[in-house]
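1. 3D model of this:
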Amino acid sequence: IYTGLKSQTEAWQPDTLAVCYSTGKGVLATLAHILVSEGFLEYDKPIATYWPEFAQNGKEQMTLRHVLSHQSGMFDVRNIIESAREMLDWSHMLEVVAATKPRFLAGEGNAYQALTFGWLVGGILEKATGQSLDQLMQKYLVEPLQLDGAYFGTPANELDRVARL
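-> All right, here's what the predicted structure looks like:
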């Protein structure tokens, strides 16, 4: 069921792709749970076990469980970057997140990781498996569920399907 416009001049089509914003958190969390069940990582091992560069500025004992439950203290993206454009560079943001000092120690508070959740969980999954987030998505979610158009970062050849906001 769909209706409306894909852009100011195009109708929405059955294959139109749309940005999902925070629903991506559920997808990433599901992928994390699958990879835990497959033995790639554990909820309560320090993230630094998989991502050694992460072990700085009070994050040495932070775990996947802390991140999944929004207890990492790593929620304040505005104070860790200078420009929103930085958020378009995945590798750069993983470096920024690894170097960041949390606003509180893991497990000592709760704060919704509106923007940082993706880099935190995605970075952990990539470091624990040695595979890109796109490869993991394809192998563990897209292919088994026969999904069309599920991406973290739309490939260039699919951009014409994306609805314009």
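2. and the protein, what are its domains?
-> The chain resolves into domains spanning 1-17+149-165, 24-148 when parsed by automatic domain parsing.
3. Spatially, what comes nearest to R164 if we skip its sequence neighbours?
-> Once flanking residues are discounted, R164 sits nearest to S7: 4.1 Å by C-beta to C-beta, 6 or more residues apart in numbering. The way it works is simple: take the backbone N, C-alpha and C, and place the C-beta from them, glycine included.
4. one step back: please identify the most buried of the domains of the chain.
-> domain 24-148 (a mean of 17; mean count of other C-beta atoms under 10 Å).
5. which stretches of this structure aren't confidently modelled?
-> For the chain, applying pLDDT under 70 flags the ranges 1-3.
6. do that again at 50, thanks
-> Residue ranges of the chain with pLDDT under 50: 1.
7. May I have the residues that are in contact with the residue nearest the centre of it?
-> Centroid-nearest residue in the chain: G118, 2.1 Å away (criterion: C-alpha atoms, centre = their mean). Going by C-beta atoms under 8 Å, 6 or more residues apart in numbering, G118 touches G24, K25, L28, F152.
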